[in-house]
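Engineer: predicted model and sequence follow; I will ask about them next.
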Protein chains: 2
Amino acid sequence: MTLPHPNTDQISLPIVLGVLGDPTRLAIVRYLASKQGVPLNCSQFLDLGSKTNLSYHLAKLREAGITRAEVAGTNRMITLRRADLDARFPGLLDSVIAAAVDDPALPAVGGHDIEMPA
Amino acid sequence: MTLPHPNTDQISLPIVLGVLGDPTRLAIVRYLASKQGVPLNCSQFLDLGSKTNLSYHLAKLREAGITRAEVAGTNRMITLRRADLDARFPGLLDSVIAAAVDDPALPAVGGHDIEMPA
DNA sequence: CCAATTGTTCAATAACTTTTGAACTAAGGA
DNA sequence: TCCTTAGTTCAAAAGTTATTGAACAATTGG
């Protein structure tokens, strides 16, 4: 059970920009970037919308080549395709993330950090 | 007769990305960048669509803060807001332009260069 | 096996975007 | 003044994207 992802050379500039041109998806990307490669499952983003809606936005990100989703049991572990995007469009993702980090207009994920078991 | 433009600090990341996520507008930006600051009027882009349609796309670019349009008689001279965008989102426009330059899927403006009078 | 958890799919609707043609404004030149 | 050039505006139509809830599938744990 693997999900479809574009190859690096199939990633399209207008599609990537269009997909990133949405506050919910930009918030997802910003949160993924803030977690530095730690894979996250869908449920972590529930602050940003309903389960169905996140499934939709996460599919857009995956189909555009911005994220990778690996199936792990009932979870889909999601990571940013940082290296692939940087190979395809050097500097683009970094500048988007840097701009997104400072953007107070974007919705925020969680008022809390990852819980460490006591 | 001046047209409305956002101030640099009013330029929004998701709006800029969404506006650039369109092949016609990306082709306009690429062509403006290739002309290195030389102002162009609308008619130069007629390869990319009808006059009405270009008016629509150029208005989107201007309202997003990506281009500046100065009225000069019956012409609107259009330039990229490179410095403003770089101040607001460092590196973003450069990486978009660099990626767009190599994108064979984008529509092209003109099969010809600027005509120099003989 | 049963129930809970995780996420997808589907169809409907709502909301937005793109494209078009016709009508219009405004400036410039003959 | 009249005609041309340059571009806008408007309203309609077409197309796309986002959001929703209900139903579904797959895995895990009891």
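Structural biologist: Nice, thanks for sending it over.
Engineer: near DNA strand C, which residues of chain A show up?
Structural biologist: A:3, A:41-43, A:51-52, A:54-56, A:58-59, A:69, A:74-76 (Cβ under 7 Å from any atom of the strand). (Glycine included, C-beta is placed from N, CA and C.)
Engineer: in helices only, show me those.
Structural biologist: Here DSSP state H is the test, and the residues of chain A next to DNA strand C give A:51-52, A:54-56, A:58-59 as lying in helices.
Engineer: I'd like the residues you listed as a markdown table, with pLDDT and neighbour count appended.
Structural biologist: Shown next, in a markdown table, are these (pLDDT from 0 to 100; neighbours: other Cβ atoms under 10 Å in any protein chain shown):
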| residue | pLDDT | neighbour count |
| --- | --- | --- |
| A:K51 | 94 | 11 |
| A:T52 | 95 | 7 |
| A:L54 | 96 | 19 |
| A:S55 | 96 | 13 |
| A:Y56 | 97 | 12 |
| A:L58 | 97 | 20 |
| A:A59 | 97 | 14 |
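Engineer: still on that earlier bit, of all the residues of chain A next to DNA strand C, which two lie farthest apart?
Structural biologist: Checked with Cβ to Cβ, the residues of chain A next to DNA strand C reach their widest spread between A:Y56 and A:T74, with 18.7 Å between them.
Engineer: neighbours of A:L20, how many?
Structural biologist: Using other Cβ atoms under 10 Å in any protein chain shown, A:L20 is surrounded by 26 other residues.
Engineer: ignore the last one, A:V101
Structural biologist: Around A:V101 there are 11 residues (other Cβ under 10 Å).
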